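K.L.:
Just to be clear, the model below is a prediction. Sequence and coordinates:
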Amino acid sequence: MVYERVLITAEQLAATVDRLAAEINDRYAGRPLTALILLEGARCFADDLLLKLAMPVERAFLKLSSYAGTAAGTVIINPDTRLQQSLKGKNVLVIDDIYDTGRTLSHLLEWLDICSPRSVKTCVLLEKDIPHDESVTIDFLGMQVPDVFVIGYGMDYDGRYRELPFIAELSP
Ligand code: 5GP
Ligand code: MG
């Protein structure tokens with residue numbers, strides 16, 4: 001078995017996505033937003049979430065690399081001036097899979113600052129229940145998970161297991 005135990009079932013994920021979408025619809029009250037989706041991990045979550053949003057949504061994607069296996073590494077953002085230009089003056093909603101150490105999100109939020117968006121909010125599916133190295137405001141949070149390595153619903157271990165329809169703890 002590749003996974004130890006299921007932490008969040010497909011039904012719980014669907015309910016969480018519904019709740020987050022309702023919160024976001026409420027907060028933006030019809031104002032258009034630009035969803036900045038952090039690849040690859042958040043793609044599946046974002047696909048489900050964006051189907052439930054009521055306002056006009058533009059999608060932008062950013063590939064960040066901070067993980068090799070399960071060891072936290074350096075956060076790398078490939079400079080893309082076209083993307084930076086396209087975020088100028090927009091209401092940007094950052095969509096990510098996990099708030100773990102917080103290094104990825106805090107680095108990204110600094111990078112976003114120089115893009116001069118109109119507003120920035122964060123929507124993250126999971127928060128690990130640990131003291132974060134970098135503290136980040138999560139405006140829309142799905143669920144907390146214990147400090148284990150999780151896979152499924154778009155999240156991988158070395159490129160595998162993204163297709164699991166639930167979130168599970170990776171076997172040691
Ligand atoms: P942070 O910079 O907050 O430590 O980590 C953020 C990124 O690392 C997440 O967006 C996610 O892509 C990856 N990550 C952190 N913890 C896990 C985990 O338990 N499982 C998987 N698959 N990815 C993780
Ligand atoms: Mg990620």
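P.N.:
That came in fine, so what should we check first? Ligands and ions are numbered 1, 2, ... in the order given.

K.L.:
residues contacting the residue nearest to Leu87 when sequence neighbours are not counted?
P.N.:
Of all residues not flanking Leu87 in the chain, Cys115 sits nearest, at 4.1 Å (C-beta to C-beta, 6 or more residues apart in numbering). In this view, the C-beta of every residue, glycine as well, is placed from N, C-alpha and C. Neighbouring residues of Cys115 by C-beta atoms under 8 Å, 6 or more residues apart in numbering: 83-85, 87-88, 92.

K.L.:
Using PyMOL, define a selection of the buried residues within the residues you listed.
P.N.:
Buried residues among the contacts of Cys115 (16 or more other C-beta atoms under 10 Å), as a PyMOL selection:
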select buried, resi 87+92
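
K.L.:
Next, count neighbours for Leu93.
P.N.:
25 (other C-beta atoms under 10 Å).

K.L.:
secondary structure element for it?
P.N.:
Leu93 is part of strand 91-99, with elements assigned from DSSP states H and E.

K.L.:
likewise Leu13?
P.N.:
helix 10-28.

K.L.:
about what we covered before: inside strands: which ones of the contacts of Cys115?
P.N.:
Val92 (DSSP state E).

K.L.:
Check this structure for the residue nearest ligand 2 and tell me.
P.N.:
Gly41 (3.7 Å; C-beta to the ion).

K.L.:
Next, the contact list for the nearest residue to that residue once chain neighbours are set aside, please.
P.N.:
Excluding the flanking residues, the one nearest Gly41 by C-beta to C-beta, 6+ apart is Asp97, at 3.7 Å. Residues near Asp97 by C-beta under 8 Å, 6+ apart: 38, 41-42, 45, 124-126, 154-155.

K.L.:
measure Asp97 to ligand 1 for me?
P.N.:
Noted for Asp97: a distance of 5 Å to ligand 1, by C-beta to the nearest ligand atom, to the nearest Å.
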